[in-house]
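Enquirer: Based on what follows, work out the 3D shape:
(one chain, ligands or ions: 2)
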Amino acid sequence: AVPLVVAVSTSLAAKNGLLIRDRQAFERTKDVQAVVFDKTGTLTEGKFGVTDVVAVNGDTDEVLRIAASIETLSEHPIARSIVEEAERRGLELEKVDDFRAVPGKGVEARIGGVLYRIVSPGHLREMGLEEIDEARRLAEQGKTVVFLVRENEMLGAIALADIVKQESKEAIANLKRMGIRCMMLTGDNRLVAKWVSEELGLDEFFAEVLPHEKAEIIKKVQERYVTAMVGDGINDAPALAQADVGIAIGAGTDVAIETADIILVRSDPRDVVRIIELSRKTYRKMI
Ligand code: ADP
Ligand code: MG
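Expert: Numbering: from 1, shown residues only. Ligands and ions are numbered 1, 2, ... in the order given. Presented below is the predicted three-dimensional model:
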């Protein structure tokens, strides 16, 4: 049987958009010592806007046009904003073949038989290619930068800016006040991660993390703390499963929602504070 106080809390939570899927995980929530947040879509809006396009040969519309042609086939938030910007500029897109997404690294496809890639700074380094100076400057401003490469030739870069949620700041301040360490995990580059981390007053961050490494990082954090992970993406599912408490936030993807112990219906990081407080109250009453 479910103790009455727990049943009451569970239904009270549900009324407030906090869905408890695993009651034992909800009980563990009172002991959480560290919360690891995914960046994109969790602490930030996850809605990028293209801010700058850099072209090695000066033709920025051409860089955007090729990139958008490929990105129409990707569902990543970065892809959507590149396509939107190309549409806004009225650029005519090409038909592409052999599209492939490389999780955490970028996408590739052929246009007229020629291979094009749109990649992260990390993957660019792996390919043995040099970043463009201009791109580094943009990254230092906290922007996400991706590179367009034709075969092994650098064509240009696209910078995108996301917005840090106002609610994130309040959530982190409150968690820290409760004695909980706040961390962030992201596939995005180190400079962006550092910028967001300082903006929010996070205790630690992990950047340029590949999808399969997210769960490994949670394991490491668990050696030190009882750990909750908060995320929304397909990439986050293994990390949500690994954490002592897995929390899916917002609309999220089905995979994240199916894996999580707790689902926060709103896309509001302050609900992480609420669920921890509720767990503490609920189980304190029972002792
Ligand atoms: P996160 O969800 O932590 O923001 P991802 O693992 O989804 O990160 O992506 C990590 C990085 O891989 C992105 O910051 C970007 O550089 C690159 N990337 C992923 N998907 C795409 C895409 N469709 N187009 C361009 N770059 C991409
Ligand atoms: Mg994500």
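Enquirer: and the longest helix for the protein?
Expert: Taking DSSP state H as the criterion, the chain has its longest helix at helix 270-286.
Enquirer: Residues touching that helix, excluding its own?
Expert: Contacts of helix 270-286 with the rest of the structure, by CB atoms under 8 Å, 6 or more residues apart in numbering, involve 3, 5-6, 9, 12-13, 16-18, 26-30, 32, 35, 167, 170-171, 174-175, 178, 180, 228, 230, 247, 249, 262, 264. The way it works is simple: take the backbone N, C-alpha and C, and place the C-beta from them, glycine included.
Enquirer: Which among these count as buried?
Expert: By neighbour count, with 16 or more other CB atoms under 10 Å, those hold 6, 9, 13, 18, 26-30, 32, 35, 167, 171, 174-175, 180, 228, 230, 247, 249, 262, 264 as buried.
Enquirer: For ligand 1, tell me whether stretch 72-80 is touching it.
Expert: Yes - Stretch 72-80 is in contact with ligand 1 by CB under 6 Å from any ligand atom, via 74, 76, 78-79.
Enquirer: should've said stretch 47-67
Expert: No - judged by CB under 6 Å from any ligand atom, stretch 47-67 makes no contact with ligand 1; its nearest approach is 8.1 Å.
Enquirer: Enumerate the positions of that stretch that are buried.
Expert: So, applying 16+ other CB under 10 Å, buried residues of stretch 47-67: 48, 50-55, 60, 62-67.
Enquirer: wait, isn't residue 195 in contact with residue 138?
Expert: No - Residue 195 lies out of contact with residue 138 (CB atoms under 8 Å); the separation is 11.5 Å.
Enquirer: Comparing the two, which residue is more hemmed in?
Expert: Using other CB atoms under 10 Å, the more surrounded residue of residue 195 and residue 138 is residue 138, with 23 against 18.
Enquirer: separation between residue 232 and ligand 1?
Expert: 9 Å (CB to the nearest ligand atom, to the nearest Å).
Enquirer: what about the residue of the stretch 1-150 of the chain found nearest ligand 2, how many neighbours?
Expert: The nearest approach of the stretch 1-150 of the chain to ligand 2 comes at residue 40, 4.1 Å away (CB to the ion). Here the number of neighbours of residue 40 (other CB under 10 Å) works out to 24.
Enquirer: quick one, what contacts it?
Expert: Contacts of residue 40 (CB under 8 Å, 6+ apart): 46, 77, 162, 186-188, 233.
Enquirer: Can you list the residue ranges for helices in the stretch 151-287 of the chain?
Expert: 166-177, 190-200, 214-222, 237-242, 254-259, 270-286 (DSSP state H, counting those that start in this stretch).
Enquirer: buried set for the third one?
Expert: Judged by neighbour count (16+ other CB under 10 Å), helix 214-222 contains these buried residues: 214-215, 217-218, 221-222.
Enquirer: and the residue nearest to residue 256 when sequence neighbours are not counted, what are its bridge partners?
Expert: Among residues not flanking residue 256 along the chain, residue 248 sits closest, at 4.4 Å (CB to CB, 6 or more residues apart in numbering). With DSSP bridges as the criterion, residue 248 is bridged to residue 231, residue 263.
Enquirer: Distance-wise, check residue 248 relative to residue 138.
Expert: Distance, residue 248 to residue 138, by CB to CB, to the nearest Å: 32 Å.
Enquirer: now swap in residue 88 and tell me
Expert: Distance, residue 88 to residue 138, using CB to CB: 19 Å.
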